[in-house]
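sequence and predicted structure are below.
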Amino acid sequence: MKLILLGPPGAGKGTQAKQLVDRFGIPQISTGDILRGAVKEGTPMGVKAKGFMDAGGLVPDEVVVGIVRERLQKQDCANGFILDGFPRTVPQADALKETLGELGKDLDSVVSLEVDAEALVERLTGRRTCKDCGRGFHVKFDPPRESKKCDACGGELIQRDDDKEETIRQRLQVYDDQTSPLVAYYREQGLLKAVDGMLAMDAVQEKILAAVQAP
Ligand code: AP5
Ligand code: MG
């Protein structure tokens, strides 16, 4: 299965992608996770990306296109992949099409997770992530058993630097301006499957499965 999860910040792309990884055994390719890893390691790419990310803006297309182009060529993508947070602009989508063409692959579906703006803010301000294993939680919707401690590995739960309310508003604006045109882009290509992302997490997963398995 070759899938894109499209949706605004906080729509549940990461949450749903992780469930799909477990179910189908194909990798999640999250450009946000890859960039945060580079920032943490202090690589030249990370140093360059940090300013854009902290400001709630997009990292330049050529940087993320390069990351994804390289990642898609890895052996673990042979049976499929889940793109989470890429593409985010029309030039990125065009570049993806070109890369997949070179690899002799086609997208199967683009799932658009639809969530109200106010719910997005609540989800992002309440999100907590394990510093060690990266597992996501939510203080209200998916609380850890022990406060500030990861259920899976016991690691410390932290808040993402860009999950401050002011930065969240900026990220939502950037989504509206630069990423939302991809909904029409993929609809025109007959690939778009709209899914109600306001439902509970497991119900959203069921809807995604039904959407991608529909003819
Ligand atoms: P990225 O990491 O991709 O962030 P994002 O798109 O802003 O999305 P999020 O990760 O914040 O949200 P999500 O949809 O994954 O939601 P989640 O499942 O965690 O990008 C970060 C930055 O990197 C960008 O701003 C940009 O600077 C840069 N970047 C990345 N990709 C780029 C690209 N292609 N081009 C240029 N720049 C790029 O869920 C959120 C919370 O809600 C969690 O706490 C979760 O538990 C909870 N939740 C999830 N589902 C539900 C539900 N159904 N009900 C209740 N709560 C729920
Ligand atoms: Mg995410």
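Done, it's in. Ligands and ions are numbered 1, 2, ... in the order given.

now the residue lying farthest from the centre of the chain: phi and psi?
Most distant from the centre of the chain: Glu146, at 26.4 Å, with distances by CA atoms, centre = their mean. Backbone torsions for Glu146, taken as degrees, to the nearest 10, come to phi -110, psi 130.

now this protein against ligand 1: closest residue?
Residue of the chain nearest ligand 1, by CB to the nearest ligand atom: Gly32 (1.9 Å). (Glycine included, C-beta is placed from N, CA and C.)

can you say which helix or strand has that residue in it?
When elements are assigned from DSSP states H and E, Gly32 belongs to helix 31-41.

give me the residues contacting that helix.
With CB atoms under 8 Å, 6 or more residues apart in numbering as the test, helix 31-41 has contacts from 14, 45-47, 49-50, 53, 59, 64, 67-68, 71, 84-86, 88, 134, 160.

what subset of those residues is also close to ligand 1?
Filtering these for neighbours of ligand 1 using CB under 6 Å from any ligand atom leaves Gly14, Met53, Val59, Val64, Gly85, Phe86, Arg88.

which bits of the chain sit near ligand 1?
7, 9-15, 31-32, 35, 52-53, 56-59, 64, 85-86, 88, 92, 123-124, 126-127, 136-138, 141-142, 162, 171, 200-201, 204.

wait, is Ile29 part of a strand?
Yes - assigned with DSSP: H, G, I helix; E, B strand; the rest coil, Ile29 falls within a strand.

list the contacts of it.
Ile29 neighbours (CB under 8 Å, 6+ apart): Val68, Arg71, Leu72, Cys77, Phe81, Ile82, Leu83, Asp84, Phe86.

please repeat the previous calculation with a cut-off of 10 Å.
4, 17, 67-68, 71-72, 74, 76-77, 81-86 (CB atoms under 10 Å, 6 or more residues apart in numbering).

which ones among those residues map onto strands?
Ile4, Phe81, Ile82, Leu83, Asp84 (DSSP state E).

my guess is the first one meets Leu96, correct?
Yes - between Ile4 and Leu96 there is a contact under CB atoms under 10 Å: 8.2 Å.

neighbour count: these two, which is higher?
In this view Ile4 and Leu96 are compared by other CB atoms under 10 Å, and Ile4 has more residues nearby, 26 against 19.

the more buried one pairs with what?
Under the criterion DSSP bridges, Ile4 forms beta bridges with Leu83, Val110.

hmm, back to that, for PyMOL, what selects the buried ones among the contacts of Ile29?
Those of the contacts of Ile29 that count as buried under 16 or more other CB atoms under 10 Å are selected in PyMOL with:
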select buried, resi 4+17+67+68+71+72+77+81+82+83+84+85+86
